[in-house]
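Trainee: take a look and give me a structure for this.
(chains A and B)
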Amino acid sequence: MFEFRVIAQCPVTGARAGEFVTPHGVIRTPVFMPVGTLATVKAMSPRELEEINAQIILGNTYHLYLRPGPEILTKAGGLHSFMKWDKPILTDSGGFQVFSLARLQKITDENVLCRSHIDGSLLTMSPEWSMNMQGILGSDIAMCFDQCCEFPASHDKAEEAVKRTTLWAERSRKYFDSHNDSQRQALFGIVQGSTYDDLRRRSAEEICGLDFPGYAVGGLSVGESHSAMYHALDILNDIMPKNKPRYLMGVGYPPNIVEGIARGIDMFDCVMPTRNGRNATVFTSSGRLNMRGKIHADDFSPLDPECDCYTCRNFSRSYLRHLAMCGEILGARLFTWHNLRFTIRIAEQAREAIIAGTFPEFVKNFTEMFHEDQNSNS
RNA sequence: GGCGGAAUGGCCGAGUGGUCAAUGGCAACAGACUGUAAAUCUGUCGACGGGAGUCUACCAUGGUUCGAACCCAUGUUCCGCCA
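Mentor: Alright, predicted model coming up:
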């Protein structure tokens, strides 16, 4: 279980195609994983997720701990059966909430004291708490409890996060080894280090030294430039073991995915396809479109003529804009549907190209086609 | 026919003598969103001008006043109640 096989590699870039074996099926990489924080990929049913070829989805420890809570999830027999999703699930540890809910908490080496964003009640998060909860959730892949730091961060702050992330990885590992079922669940380590080369190296060495079945890159896509992100990935590509899956956390902007794959990343997750979909922005092979724009009012062409999704096969931009302008639920659903399929397909196409030996051309074509937004950091 | 009430920017609706080009909300237009406190948030929203600013505006006309969306008169339209 949890064997990772690299089945093809790009001779020019760091890209590779692989297979990762989990209790709920084999994941073909590179892969994009839709985010389903609250035991639902917002606006999509499990059947629809299967239809767009989602191989694995995310759930969130913090959110599911608050609602519905560990008792109900235990009674439900875990997250898979609770939400009727029988393919792989990866659970985030709650570490990211230590970052995104920063104002509501106090962090020490021992633990994180946090106020619920729902009712303000106090809770204590720790590596042990997270491993216990992820055990209850029964995800195929559990994540270490880490500390993601904001951008920009001073070297001292970033170093503190690196130290703490290593400390917490050791504690996550220790608790996991004695409480969780390692045949049913794999624990991935997370590398931090912000945009500091020395800290990235140090964190990667420390975390990879703990010998996890997979490794994640955290602390990116938090406001740094794209070039800084790519630089960090270049450094890590040389350090992280080639024979384990590598997961770039929180990245979903299409060019970032392609560039990430080129730097040896196998797995991605991001709220961008779902959130932007609900907010009526879509990604197409030629770039990003705000579908509330008046320019689409009488455009009866599909969102993306090259896309094979339900939305693109059936509906016009004019109709979709109409749904968006009226705030109709169906609009949010159809945009989400398209964005997820579009993003998943990028990974699929990259995989095909890697196997076919044409990955560099794929990157070139994609970059030429996809119009980068002016404000997106270069 | 009589009595009472009301008319404000695309719409709804505050404002009842100077600090009003006029609060809010909606609509519209533009933008943002990267391990989800997000079906959310931000900006613009009379005209002209880069800006300082200028002009046209609160049903119409006339008046009072240094000054009127706001007070007075008349008219128009609408809404109640009574015949």
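
Trainee: then A:D299 would be within a strand, right?
Mentor: No: counting by DSSP: H, G, I helix; E, B strand; the rest coil, A:D299 is not part of a strand but coil.

Trainee: chain neighbours aside, what residue packs nearest to it?
Mentor: When the adjacent residues along the chain are set aside, A:D299 lies closest to A:R317, with 4.2 Å between them (Cβ to Cβ, 6 or more residues apart in numbering). All C-beta atoms are positioned from the backbone trio N, CA, C, and that covers glycine.

Trainee: A:M33 belongs to a strand?
Mentor: Yes: residue state for A:M33 (three-state DSSP) corresponds to a strand.

Trainee: mind listing what the closest residue to it other than its chain neighbours touches?
Mentor: Leaving aside its sequence neighbours, A:M33 sits nearest to A:D269 (Cβ to Cβ, 6+ apart; 4.2 Å). By Cβ atoms under 8 Å, 6 or more residues apart in numbering, the contact list for A:D269 reads A:F32, A:M33, A:P34, A:V35, A:L58, A:L90, A:Y247, A:M249, A:G250, A:V251, A:G252.

Trainee: helix/strand/coil for A:D269?
Mentor: From three-state DSSP, the assignment for A:D269 is strand.

Trainee: of the contacts of A:D269, which ones also sit close to RNA strand B?
Mentor: Filtering the contacts of A:D269 for proximity to RNA strand B by Cβ under 7 Å from any atom of the strand leaves A:V35, A:L58, A:M249, A:G250, A:V251, A:G252.

Trainee: what residue of chain A is the furthest out?
Mentor: In chain A, counting by Cα atoms, centre = their mean, A:D298 sits farthest out from the average C-alpha position, at 35.4 Å.

Trainee: mind listing what that residue touches?
Mentor: Here A:D298 is in contact with A:S318 (Cβ under 8 Å, 6+ apart).

Trainee: can you do 10 Å?
Mentor: For A:D298, the contact set (Cβ atoms under 10 Å, 6 or more residues apart in numbering) comprises A:S316, A:R317, A:S318, A:R321.

Trainee: need the max-distance pair from those.
Mentor: Pairwise distances across the contacts of A:D298 (Cβ to Cβ) peak at 8.7 Å, for the pair A:S316 and A:R321.

Trainee: identify the contacts common to the two.
Mentor: Joint contacts of A:S316 and A:R321 (Cβ under 10 Å, 6+ apart) are A:H296, A:D298, A:D299.

Trainee: can you lay out those as JSON lines showing pLDDT and distance to A:G260?
Mentor: As requested, those are exported to JSON lines (pLDDT from 0 to 100; distance: Cβ to Cβ, whole Å):
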{"residue": "A:H296", "pLDDT": "96", "distance to A:G260": "30"}
{"residue": "A:D298", "pLDDT": "95", "distance to A:G260": "38"}
{"residue": "A:D299", "pLDDT": "97", "distance to A:G260": "32"}
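
Trainee: and stretch A:113-127, how far out from the chain middle?
Mentor: The chain centre lies 23 Å from the centre of stretch A:113-127; the measure is Cα atoms, centre = their mean, to the nearest Å.

Trainee: and the helix or strand hosting A:M229, how far from the chain's centre?
Mentor: Take DSSP states H and E as the rule and A:M229 turns out to sit in helix A:226-239. Relative to the chain's own centre, helix A:226-239 is displaced by 17 Å; criterion: Cα atoms, centre = their mean.

Trainee: residues contacting A:S194?
Mentor: Contact analysis of A:S194 by Cβ under 10 Å, 6+ apart lists A:148-155, A:157-159, A:161-162, A:200, A:203, A:219-220, A:222, A:224, A:228, A:232.
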